[in-house]
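S.K.: starting from these lines, generate the structure:
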Amino acid sequence: MLPQLHRHLWMDEQIDAFRDQLRRYIGAELSPHLDGWRRQGFIPREVWRPFAELGFLLPEVAEEYGGVGATLAYQLVAQDELARAEFPANTAVHSIAAHYIVDYGTEAQKQRWLPRLARGELLAGIALTEPGCGSDLKALKTRARRDGEHFVIDGAKTFITNGFTANLLVVAVRTGEAGARGVSMVVLETADLPGFRVGRRLEKLGQHASDTAELFFDGVRVPADALLGKEGEGFGQLMSQLPYERLLLAVPAAAVIERAVELTVDYTSQRRAFGQFIGDFQNTRFKLAECATLAHVVRTFVNDCTQRLLDGTLDDQAAYMAKWWCTEQQCKVVDECLQLFGGYGYMAEYPIARLYADARIQKIYGGANEIMKDLIARKVMAPGTARNEGT
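M.R.: Sure, this is the predicted structure:
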């Protein structure tokens, strides 16, 4: 059993009740269908409607816009429980997209989109990444030119989570000069939208229940009031959301690490080899001790970051650290645990194998870990640090 962790202020009885209700719902209503969704390559959009009716989809959205007005901790708990049950990040992306509208939308935009997002009538995606662009969002080429009271969008996006199932997209486009100052964000509903096309649903190493697709924009016309904020503010909008978005990756990392350790303790306690239980070998015990320690440290860090997010004190640097370090530990621990399963660990019918395949993307999406380290280094080595002062 993993050690009990210090309870932060955000971990109150209401959170505990929410977690318990959510875990029971996932186990009874969602998990029995997960294998089928993996085989078909996506979770149907309508699955999230009853999920939303219970307040699980966007609990953090204000009541006047269809949510329940909870703190961001509730969404992080939802992602924790979904990751523990092997669900991909579909609803996390939905939450991120909604927050762009919450933070930068006009009152009319909020009234138009947020209630339908909170009810699950709309499933959201975020169209950022482009072929040849990757994590360098300053280099994006999808262009939106102004034409009277409309924007006309031309370009392509790739690796878009919910790209196949989403019917609302928050899209990063270029409305001005090259670089960050020319980036803007627009919102469009995709149902029967002329010029919009979903390309291939991409086949991935893991995360098989999460649809990831190519998107194409060929003269797509959207009203000018689909713009979030002002032209040229998009890059700043993207950067301001990073602390929360990074935690939406760090929290599932903690959940998966804990699940991997639990699965491995259970397996090694029952499987015998060379006349004894695998769990009785010293190497097994040492490996599990290491993994349990990492699980404890990761969870403690994540819980602290959650408290700081709620307090408004989570800085970008800590969020970057949480993203890269927790996801690195996720991949490391799952790999160590899989090894203790032997050949069975390589069989897809075993959860540890699926956790292994699903984990690898965590070090890439949401900003590659190399980018996270570079951003941290810029802060660490900025003028005024001890190194630059010669001390």
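S.K.: can you pull out the helices in the stretch 151-300 of the chain?
M.R.: 234-240, 242-270, 282-311 (DSSP state H, counting those that start in this stretch).
S.K.: spell out, range by range, the strands that occur in this structure.
M.R.: Under the criterion DSSP state E, the chain carries strands at the ranges 124-127, 143-147, 150-161, 168-174, 183-189, 196-201, 212-223, 227-228, 272-273, 276-277.
S.K.: now C305. Nearest residue, chain neighbours left out?
M.R.: Nearest non-adjacent residue to C305, counting by CB to CB, 6 or more residues apart in numbering: A322, 5.1 Å away. Yep, even glycine has a C-beta here, placed from its N, CA and C like the rest.
S.K.: surely the one you found touches L247?
M.R.: Yes. With contact defined as CB atoms under 8 Å, A322 reaches L247; the gap is 6.4 Å.
S.K.: between these two, what contacts are shared?
M.R.: Residues touching both A322 and L247 (CB atoms under 8 Å, 6 or more residues apart in numbering): 302, 305.
S.K.: and A368, its phi and psi?
M.R.: Per-residue torsions, A368: phi -60, psi 150 (degrees, to the nearest 10).
S.K.: A85 versus that one, what's the distance?
M.R.: As judged by CB to CB, to the nearest Å, A368 and A85 stand 26 Å apart.
S.K.: I364 too?
M.R.: Distance, I364 to A85, using CB to CB: 22 Å.
S.K.: please apply the same query to Q109.
M.R.: Here Q109 is placed at a distance of 33 Å from A85 (CB to CB).
S.K.: V222 too?
M.R.: Counting by CB to CB, the gap from V222 to A85 is 36 Å.
S.K.: those two: who's more crowded?
M.R.: V222 (22 against 17; other CB atoms under 10 Å).
S.K.: how many neighbours does the residue nearest to the more buried one when sequence neighbours are not counted have?
M.R.: Leaving aside its chain neighbours, V222 sits nearest to L188 (4.9 Å; criterion: CB to CB, 6+ apart). Burial of L188 is recorded as 20 neighbouring residues (other CB under 10 Å).
S.K.: who touches L188 in this structure?
M.R.: With CB under 8 Å, 6+ apart, L188 has these contacts: 153, 168-169, 171, 196, 220, 222, 226.
S.K.: and the residues you listed, which is closest to T161?
M.R.: Closest approach to T161 among the contacts of L188 (CB to CB): L169, at 11.1 Å.
S.K.: surely the closest one touches A124?
M.R.: Yes. Counting by CB under 8 Å, A124 is a contact partner of L169 at 7.1 Å.
S.K.: find the residues that touch each one of the two.
M.R.: A97.
S.K.: can you give me the domain assignment for the protein?
M.R.: 13-123, 125-232, 241-380 (automatic domain parsing).
S.K.: contacts only, for the closest residue to R19 other than its chain neighbours.
M.R.: In this structure, R19 finds its nearest non-sequential neighbour in V77, 5.3 Å apart by CB to CB, 6+ apart. V77 makes contacts with 15, 18-19, 22, as judged by CB under 8 Å, 6+ apart.
S.K.: look up how far V93 lies from V77.
M.R.: Separation of V77 from V93 (CB to CB) stands at 17 Å.
S.K.: also E233?
M.R.: 21 Å.
S.K.: those two - which one has more neighbours?
M.R.: Neighbour count, other CB under 10 Å: between E233 and V93, V93 has more, with 25 against 18.
S.K.: touching, the more buried one and A124? I think so.
M.R.: Yes. With contact defined as CB under 8 Å, V93 counts as touching A124 (6.9 Å).
S.K.: what is in contact with these two at once?
M.R.: Counting by CB under 8 Å, 6+ apart, the residues touching both V93 and A124 are N162.
S.K.: what's the farthest-apart pair in the contacts of L188?
M.R.: Farthest apart among the contacts of L188 by CB to CB are I153 and L168. That separation is 14.8 Å.
S.K.: which one of these two has more residues nearby?
M.R.: I153 (25 against 22).
S.K.: dump the residue contacts of the more buried one.
M.R.: Taking CB under 8 Å, 6+ apart as the criterion, I153 is in contact with 142-144, 171, 173, 186, 188, 195, 217, 219-222.
S.K.: ok, now F87?
M.R.: The contact partners of F87, by CB under 8 Å, 6+ apart, come to 26, 30, 34, 209.
S.K.: just the buried ones from those, in PyMOL syntax?
M.R.: To isolate the buried subset of those in PyMOL, counting by 16 or more other CB atoms under 10 Å, use the following:
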select buried, resi 26+30+34+209
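S.K.: show me which of the contacts of F87 is closest to F274.
M.R.: Closest to F274 out of the contacts of F87 is L34 (35.4 Å), distances taken as CB to CB.
S.K.: for that closest one, give its distance to I43.
M.R.: Distance of L34 to I43, computed by CB to CB: 8 Å.
S.K.: can you check A156 too?
M.R.: 24 Å.
S.K.: neighbour count for the two, which is higher?
M.R.: Neighbour comparison, A156 and I43: the larger count goes to I43, with 24 against 18 (by other CB under 10 Å).
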